[in-house]
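Novice: Predicted model and sequence follow; I will ask about them next.
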Amino acid sequence: QLVESGGGVVRPGDSLRLSCAISGGVSMNHATGWFRQAPGKERELVAAITSTGRTEYGNSVMGRATVSEDNTNHASLLQIDNLKPEDTATYFCAHARQKTLVRPAAAYDFWGQGTQVTVSS
C-alpha cells in the first residue's frame, strides 16, 4: 500500500515536499516513482529513485525536483522548488518490484491514490 501526503495549494515560486509511505513489504531490488497527471493530459514521470540510489527526473522538473528514499521507514520524499502553475496536477507515487526500468508508468506494480497539488497566485 502506498499513501501520498503533502499536497495542497501553493503560490508560484514556492517549494513543496510530498511524502509517500510504503507498507506491505518492499523488495530488495525496487524503484519508487513519482508521476503526475493533469486533467486531459497523460500521466508523466516526475522523478524516480531505485534501491541502489539511482535517480531519474522528468524534463519538466529537471533542476527543480529532488527525490529521496528513507529505506528504514519505507518512505519516499519528493521536493519541487520554484513551483509553476503548470505543475498543477495530481501527484502519484508508485512502487516497482525491479530497479532497471523506471521511466514508464507501466513498469510499476503498485500505485497510491494520489495527492492534489495546485499552484496558483
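Specialist: Noted; the coordinates are in hand.

Novice: any idea which element the spatially most central residue of the chain lies in?
Specialist: In the chain, the C-alpha nearest the mean C-alpha coordinate belongs to W34, at 2.0 Å (C-alpha atoms, centre = their mean). Counting by DSSP states H and E, the element that carries W34 is strand 31-37.

Novice: Spell out, range by range, the strands that occur in the chain.
Specialist: Remark: strands assigned in the chain by DSSP state E are 2-5, 8-10, 16-22, 31-37, 44-50, 55-57, 65-70, 75-80, 89-96, 110-111, 115-119.

Novice: Turn those strands into a markdown table, columns for mean pLDDT.
Specialist: Converted to a markdown table, the strands of the chain look like this (pLDDT from 0 to 100):
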| stretch | mean pLDDT |
| --- | --- |
| strand 2-5 | 96 |
| strand 8-10 | 97 |
| strand 16-22 | 95 |
| strand 31-37 | 97 |
| strand 44-50 | 97 |
| strand 55-57 | 97 |
| strand 65-70 | 95 |
| strand 75-80 | 96 |
| strand 89-96 | 97 |
| strand 110-111 | 96 |
| strand 115-119 | 98 |
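
Novice: show me what contacts C20?
Specialist: L2, V3, E4, S5, T32, W34, A75, S76, L77, L78, C93, G112 (C-beta atoms under 8 Å, 6 or more residues apart in numbering). (C-beta placed from N, C-alpha, C; glycine too.)

Novice: Quick one, which of those residues are buried?
Specialist: Among these, those buried by neighbour count (16 or more other C-beta atoms under 10 Å) are L2, E4, T32, W34, A75, S76, L77, L78, C93, G112.

Novice: any idea how far T88 is from the third one?
Specialist: T32 is 22 Å from T88, where distance means C-beta to C-beta, to the nearest Å.

Novice: Likewise for the first one?
Specialist: Using C-beta to C-beta, L2 is found at 22 Å from T88.

Novice: next one: the fourth one
Specialist: Taking C-beta to C-beta as the criterion, W34 is separated from T88 by 15 Å.

Novice: Check the spacing between S60 and N29 real quick.
Specialist: 28 Å.

Novice: Please apply the same query to Q113.
Specialist: Counting by C-beta to C-beta, the gap from Q113 to N29 is 25 Å.
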